[in-house]
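> fold the following for me, if possible:
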Amino acid sequence: MSLTKYIKAAFANRWNLLGLAAGVGFSMMSQQPEVGLSLVAAGEMAWLGFVGTHPRFRQYVDITEQQKLKENNAKTAEVRMRRMLTSLPRGAQQRFRKLMGRCEELRAITKQYQTANGVLEPDGTFAEVRLDGLDRLLWLFLKLLYTENSLNRFFETTTIDEIERETRQVQSRLEREAERPQNEQRARIMATLQDNLNTCKQRQKNFEQARDSYELVKAEQKRLENKIRSLAEMGISRGDPAMLSNEVDSVADSIHETEQTLSELEFVTGFSTSQDEAVPEIVTRRVVAK
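Alright, predicted model coming up:
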């Protein structure tokens with residue numbers, strides 16, 4: 001399968017297709033097209049065999065494939081971010097955009113510091129890794145806002161009293177069925193009731209988990225919001241890009257437990273969190289004018 005991928009890439013190479021088309025064209029116009037086509041076929045086989053197995057070409061194919069995958073994941077993540085943001089109440093949207101503005105400010109401050117002190121980065125922009133760290137913090141903050149909104153909607157449609165009442169009803173029905181004479185119909189009814197009882201208990205467990213996580217989600221929102229504000233304020237007072245980089249990395253590394261909490265609330269929010277999750281590009285990458 002892997003070799004087939006490289007052979008296909010070698011065949012689809014535009015220079016190969018151009019040469020192949022030219023070879024076939026010249027062969028068809030010659031007096032002995034069968035000879036020309038045979039030579040073209042032999043040349044094509046030699047090309048595919050040489051290029052398709054060459055280490056540098058295979059590396060080029062792998063890198064190109066990874067870049068396309070990364071671009072597709074980034075586009076998907078951006079669409080997801082926009083949908084999540086537009087689904088939030090206006091107050092939550094404003095809160096997110098205000099924090100995003102803080103990050104833009106942090107980036108501008110760092111750039112101004114570098115310009116004033118003659119500190120230049122290789123690409124002339126705020127280091128990509130630091131922007132990735134800020135993106136990750138903002139992305140997590142948005143997910144926390146989205147989770148809070150999802151939990152509020154969940155609590156509006158579901159109550160623990162309703163679940164407990166239904167659980168008691170199913171339990172009572174199951175006990176009455178157990179007193180009836182054993183037969184095939186009774187066994188089927190009891191199996192159905194037992195499955196329903198298990199579902200009710202799972203709903204109760206989900207509700208309790210959502211209730212316990214609600215305050216944690218709100219506390220994590222505040223913590224993350226203050227962390228990002230603190231980063232911006234330190235940028236104003238110190239303006240040291242190395243210090244800011246370390247602080248961004250430190251905060252980004254401290255949010256693993258928060259991400260784990262969000263992944264446990266997938267039954268409410270509908271999204272899961274993993275280490276390989278694509279993070280949308282939130283902080284603009286354009287160069288700040290000097």
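
> longest helix of this protein, counting residues only.
If you go by DSSP state H, the chain has its longest helix at helix 184-237.

> so which elements touch it?
Applying 3 or more CB pairs under 8 Å, 6 or more residues apart in numbering; DSSP states H and E, one finds that helix 184-237 makes contact with helix 90-117, helix 128-157, helix 160-178, helix 241-253, helix 256-264, helix 266-269. Glycine gets a C-beta too; all of them are placed from N, C-alpha and C.

> in this structure, what residue sits furthest out from the centroid?
Residue farthest from the centre of the chain, counting by CA atoms, centre = their mean, is Gln31 at 59.6 Å.

> for that residue, give its distance to Arg180.
95 Å (CB to CB, to the nearest Å).

> ok so, going back, let's verify the residue farthest from the centre of the chain: helix, strand, or coil?
With DSSP: H, G, I helix; E, B strand; the rest coil as the basis, the three-state label of Gln31 is coil.

> look up phi and psi at it.
phi -80, psi -20 (degrees, to the nearest 10).

> and it, how far from Met81?
64 Å.

> any weak-confidence spans in the stretch 1-150 of the chain?
1, 110-111, 113-114, 117-130 (pLDDT under 70).

> which residues touch the residue lying closest to Phe207 once chain neighbours are set aside?
Closest residue in space to Phe207, ignoring its immediate chain neighbours: Ile160 at 5.4 Å, by CB to CB, 6 or more residues apart in numbering. Listed by CB atoms under 8 Å, 6 or more residues apart in numbering, the contact set of Ile160 reads Gln204, Phe207, Glu208, Arg211.

> of all those, which comes closest to Ile228?
Among the contacts of Ile160, Arg211 lies closest to Ile228 (CB to CB), at 27.6 Å.

> against which helices or strands is the helix or strand Tyr6 falls within packed?
Assigned by DSSP states H and E, Tyr6 falls within helix 2-12. The elements that helix 2-12 packs onto, with contact taken as 3+ CB pairs under 8 Å, 6+ apart, are helix 33-51, helix 55-86.

> mind listing what's buried in the longest one?
By neighbour count on 16 or more other CB atoms under 10 Å, the buried set for helix 55-86 is Phe57, Arg58, Val61, Ala77, Met81, Met84, Leu85.

> same check on stretch 199-212?
Buried-residue list, stretch 199-212, by 16+ other CB under 10 Å: Cys200, Arg203, Asn206, Phe207, Ala210.

> same check, this time on stretch 84-104
Neighbour-count burial for stretch 84-104, counted by 16+ other CB under 10 Å, picks out Met84, Leu85, Leu88, Ala92, Arg95, Phe96, Leu99, Met100, Arg102, Cys103.

> just stretch 174-190 next, same as before
Leu174, Met190.

> and that stretch, how far out from the chain middle?
On the basis of CA atoms, centre = their mean, to the nearest Å, stretch 174-190 sits 48 Å off its chain's mean C-alpha point.

> now tell me what touches it from outside.
Leu193, Gln194, Leu197.

> surely the last one meets Val170?
Put plainly, it is Leu197. Yes. Contact between Leu197 and Val170 holds when scored by CB atoms under 8 Å: they sit 4.8 Å apart.

> name the residue in the two with the higher neighbour count.
Neighbour totals were compared for Leu197 and Val170, and Val170 leads with 20 against 17 (other CB atoms under 10 Å).

> who's in contact with the more buried one?
When contacts are counted by CB under 8 Å, 6+ apart, Val170 touches Leu193, Asn196, Leu197, Cys200.

> need those residues in TSV with distance to Ser254, can you?
Formatted as TSV, those follow (distance: CB to CB, whole Å):
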residue	distance to Ser254
Leu193	47
Asn196	42
Leu197	41
Cys200	38
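
> what's the most distant pair in those?
Leu193 and Cys200 (10.3 Å).

> which of the helices or strands spans Trp15?
Assigned by DSSP H and E, Trp15 belongs to helix 14-29.

> mind giving me the packing neighbours of that helix?
helix 33-51.
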